[in-house]
Each structure stands twice: as structure tokens, then as C-alpha cells.
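Participant: Build me a model from this:
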Amino acid sequence: MQEPATFNIHATAHVPGDLVLTLVPPPNVDLSGCTIRAACRGGGVCGRILKCSAISADNCITINFPGLAAGWAFYDVFLAFPSGAEFPILKGEMDIAPRVTPADPQRRQEWHVTATIPAAETGRVEIILGQGPRGPQGETGARGPVGPQGPQGAPGEKGDPGDVNPAGSYNWTQPQTYDAMINANGGINIPLAAGAPTDMMGVNRLYAAGMAGATNIYTQHVYLNTGAITATGTAFTKILIPGQYAQTNVPANTHSTVIHTFTGPHGQWNYSSFAGFSIPYQLTAAGKITVDIGRGSKTPRQDLSLDSYSIIPGNNLAYNTGEILDITFDNVRDTARNGYVIRVREIYCTESTQIWKVKTTTSFIPASGNEPIPYIVNKIIYQQYEPRSYIAGDYGDTYGALWVLTGSGSIQQLWMIATVRGVTTFETGTGFNRIVSDVPGIADGSVAILVGSAERTNYQPGNVNPVYYALAAIAENAIETEETTDFEDINVPIG
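Facilitator: Numbers count the residues shown, from 1 in each chain. You can find the predicted model right below:
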């Protein structure tokens, strides 16, 4: 299924707006008879279908947004064909700034987007932002002679500066009033005086520090159940810190499946606030970690090959909305590229046909032979930016992502290794409560797997997870390939 492009909108509270969308279809694709469907949620509304114009002869559409309250909102846009097939075109956040002066009911905001539709069904929509057509620039005429300078009069009152040249530099000495939002994507340098913060400061330091504390409050510690760790074969577990940290050693030339479970308080009934996890995890040779998230039963299995599935959907592959995330570290260094490949297999079920699928993602992390993967992995991290929609379709948007946090001397330590569908909030559990690791031994010594207590991320107000956005902003995208196929169980025992 096509992946939509992301276009985030900066808007002003209670001012309606128009999103002018121009579609660029692949060659030989006719959009006549197609329609556009769009909706938004947040900003003081639970959910609203947006009014969309018909697709014009030049493939242009106008989408009308109501004036929304200050805060955050989300929207998405779908292209519907006469056959009934729908493809996601656009999605994004709306950062709605509060107003200082009353809104002018005659004024409308306007945003322009050109979206290039991919030819492949699994491609990604690309966007080009524009501000409308610009006419040709005329020639500059010759400059006339400079006349004599007259006497200087008394200074008058400072007037309105008129049009502001965006490329110019201005030193404002008087307070300024604006009737539109100021776009400060480049940042505003506000010098802060030393000392206790006050309400008159440009940035309230107590508020900034409090937001850091708020993120910590919305994160729950999930304790490692060190008394219930199981390991097959001759592997043995040392509890380094009860309830916090344990190490399991797999002797040479053996194999073990190690299951860790996690426990901790989680306030919920039918609905869960699960938005992600962070698990301290280290493995000193090749191996695999599998974690199941979201609703539905899953079946763990032991002592299978690394290509097999350690967890599969339960109840004879019965349909459910949860997912299984399977991460394989083969520990084989690519000497030509000087790094390691990580494979992620995401097992999910389609909604319309209720068929299990596998999305396989391969990623590449640069690392020398002296800094091997997965030995330098510190954490396995999963976060999703909001709950997956109940009507997102067979796959819909990639609401979540997987990262690994590495050590070593690299200047980059956070790597995104997969994007995944994610889960809804209608869950009957904590979102996750166990990991299953398959560890084959090596010929010249034992392999150690070290796991610590995890963290469970909760959604913040508006069902938004700021942790996702923060990690996405600072991580390196290590993804190289993605492929989706029907799920076929691989169940190869260790010989």
C-alpha cells in the first residue's frame, strides 16, 4: 500500500484555512472520476470530515479547514478511485498557535502542496511545497544622478515600517503588533538574564524544566521479573540485581531460548495508554529478540533457528489487532561497507481480509570489527506517535518505529531500524510484558545476554507521544529495504 507524504501545518487559532493540493499522477493515470476524502481530529474537535472540492482539470483540489482552537490537531487526505479503492495521499500535524487579537472572520489561511503520486502500489507519495506562481522578473534600469542633499529637519514620529523584506535585517526599538502567526522554524535567539525566572522572561526556565519532568512522569518503570526468567538447554541465569538486572550465559556449541517477563502498575480498564517501551538489552554474539505488543493472544516457541519465528499469532492464527516484532542480529560484519545488517520482521493482520502479513525491513549500521553489533547495543526502543486509528485500513500509516541505542566511539548512537504499523488503545494488557530471545552458542566461548528493567511510555494529553518525535528528530535512519509478503510460518528446530 502506498505511504502518504507528511505535511505539517502551522495555523492560527479560530482562523479557517484552505489547503490547495495539486496532484501529479503517474503517466497514463487518469484522475477523472476520482474524489478526495479528508478529515481532521484535535484542536477542540473529536473528528471532522473536511469539505473538499472536486478535482479540477489540472488535478487541483481545495480542502477547507475550519477555525480550530489552539493546540494540536491531526489530519489525513485520501484519494478515492471510482472502483472504491482508496490510497493515502497526505497526513500531518497542525500546530495551532493562540491569538492575541480577535480573529478576522473574513480572513482565511492558505497552504499549497504539490503531491507526486508513485507508480508502484508500495511507493511513497512525495511533496513539493510552493507559494503560488511567480511572474517573470523585469530588467533593472540605469540609476540616475544623485541630487544635492537638503537641510535636515527635526525628527518625526516613528511610523509603520510597511512591507518587511524577509532577507533584510531590522532592529525593532518599539513593540510590534502582528495579525498572523510568525513562522520561526529557523529559531529565535532570546538572551536570558541570569537569576530566578520571572513571567516577563522570553522563556520561562521553570516551565522548560517542568516539561522535562512531565516526560518522566508519563514514563512508568516496568520491573524485570528476575525470579521468572526461563532458559532452555544448559544456559544458566545470574540475577545481578533482583527485580532489575540479570545475565544469562549460553555455553559454547549450545543454544537457548531465554524468556524475560516484566511487571509493574498500569492504570487501565478496557483501554490502555501504551505508547512505547525502552528495554536495556545487550547480546555478545548473534541472536534474536522478539516482542509482542497490543491486543490478541500470541504463542511463544523455543529452540528454533534464527530464521524461524519465536512468537506467532495465537489461537490458530486467529485475527487480532496486535503485532509481533522480530529483530535479528546476525553479527556478520560487511567488510566492504564496514558495518552490520539488522533484520526486522513485523507480523500483522489485515483488517479487510484478515490475512497475516510480514513486513521485512533491513537496516545497516556502520560499525568496525572492534565495535560489533549487537555487542554495543544498549537498548531496544519502540515508540509510536499516537494510537493507531481503528479505521486505518489493512496497514494504514506507520504509527510506530523501532530504534537501537548503541555505545562505542561513534558520533551517532541512535538508529531507526524499522517503521511499523503500531497498535490501538483498545488493549487488555500493558502493551507489552515479555521478550523472547534466541541465542545460538559459539565455538570458542559462551554468549551472554543481559537485560534490565524497562520503561513504558504513556500518551500525553491529546493522545500524543512527544518521545516519538524527539527520537525521530535526533536518530539516524538506518533503513535500507522494506518488503511485505504473506505470513508463512517458519518452524525449524535446532538440530
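
Participant: Look at the closest residue in space to residue 353 that isn't next to it in sequence and say how many residues are nearby.
Facilitator: On the basis of CB to CB, 6 or more residues apart in numbering, the spatially nearest residue to residue 353 that is not a chain neighbour turns out to be residue 394, at 7.2 Å. All C-beta atoms are positioned from the backbone trio N, CA, C, and that covers glycine. The number of residues packed around residue 394, counting by other CB atoms under 10 Å, is 15.

Participant: and if you look at residue 454?
Facilitator: Counted with other CB under 10 Å, the burial measure for residue 454 works out to 24 neighbours.

Participant: OK, contacts around it?
Facilitator: 221, 222, 224, 262, 277, 278, 279, 280 (CB atoms under 8 Å, 6 or more residues apart in numbering).

Participant: next helix or strand past the top helix by length along the chain?
Facilitator: Residue-count comparison of every helix in the chain, with assignments taken from DSSP state H, identifies helix 205-217 as the longest. Using DSSP states H and E, the helix or strand that follows helix 205-217 towards the C-terminus is strand 219-224.

Participant: For that next one, output the C-alpha coordinates as CSV.
Facilitator: The C-alpha coordinates for strand 219-224 follow below in CSV (Å, rounded to 0.1, in the frame of the first residue of the first chain):
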residue,chain,number,x,y,z
THR,A,219,7.0,7.2,31.8
GLN,A,220,6.5,4.1,34.0
HIS,A,221,9.2,1.8,35.3
VAL,A,222,8.5,-1.8,34.3
TYR,A,223,10.4,-4.1,36.5
LEU,A,224,12.2,-7.2,35.3
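
Participant: so what strands line up beside the helix or strand following it?
Facilitator: Tracing the chain past strand 219-224, the next element assigned as helix or strand by DSSP H and E is strand 230-231. As defined by DSSP bridges, the strand partners of strand 230-231 come to strand 255-263 (antiparallel).

Participant: got the buried residues for the partner strand?
Facilitator: Neighbour-count burial for strand 255-263 flags 255, 256, 257, 258, 259, 260, 261, 262 (criterion: 16 or more other CB atoms under 10 Å).

Participant: Can you give me the distance of the residue lying closest to the third one once chain neighbours are set aside to residue 116?
Facilitator: What it means is residue 257. If the residues on either side of it in the chain are set aside, residue 257 comes closest to residue 302, at 3.9 Å by CB to CB, 6+ apart. Residue 302 sits 48 Å away from residue 116, taking CB to CB, to the nearest Å as the criterion.

Participant: Same question for residue 412.
Facilitator: From residue 412 across to residue 116, the span is 30 Å (CB to CB).

Participant: Between those two, tell me which one has more neighbours.
Facilitator: residue 116 (17 against 12).

Participant: quick one: contacts for that one?
Facilitator: Residue 116 makes contact with 24, 125, 126, 127, 128, according to CB under 8 Å, 6+ apart.

Participant: Now intersect these with the strands, please.
Facilitator: Among these, the members found in strands (DSSP state E) are 24, 126, 127, 128.

Participant: Whichever of those end up buried, select them in PyMOL.
Facilitator: Only the buried members of these enter the following PyMOL selection, criterion being 16+ other CB under 10 Å:
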select buried, resi 127
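
Participant: from the ones in strands among the contacts of residue 116, which single one is nearest residue 267?
Facilitator: residue 127 (39.8 Å; CB to CB).

Participant: tell me which residues form a beta bridge with the spatially closest residue to the closest one that is not a sequence neighbour?
Facilitator: The shortest distance from residue 127 to any non-neighbouring residue, by CB to CB, 6+ apart, is to residue 5 (4.3 Å). Per DSSP bridges, residues listed as beta-bridge partners of residue 5: residue 90.

Participant: Report the two of the contacts of residue 116 separated the most.
Facilitator: 125 and 128 (11.1 Å).

Participant: and residue 389, that's in a helix?
Facilitator: No. Going by DSSP: H, G, I helix; E, B strand; the rest coil, the assignment for residue 389 is coil, not a helix.

Participant: which SS state does the residue nearest to it when sequence neighbours are not counted fall under?
Facilitator: Here the nearest residue to residue 389 in space, its sequence neighbours aside, is residue 396; by CB to CB, 6+ apart that works out to 6.4 Å. Under the three-state scheme (three-state DSSP), residue 396 adopts coil.
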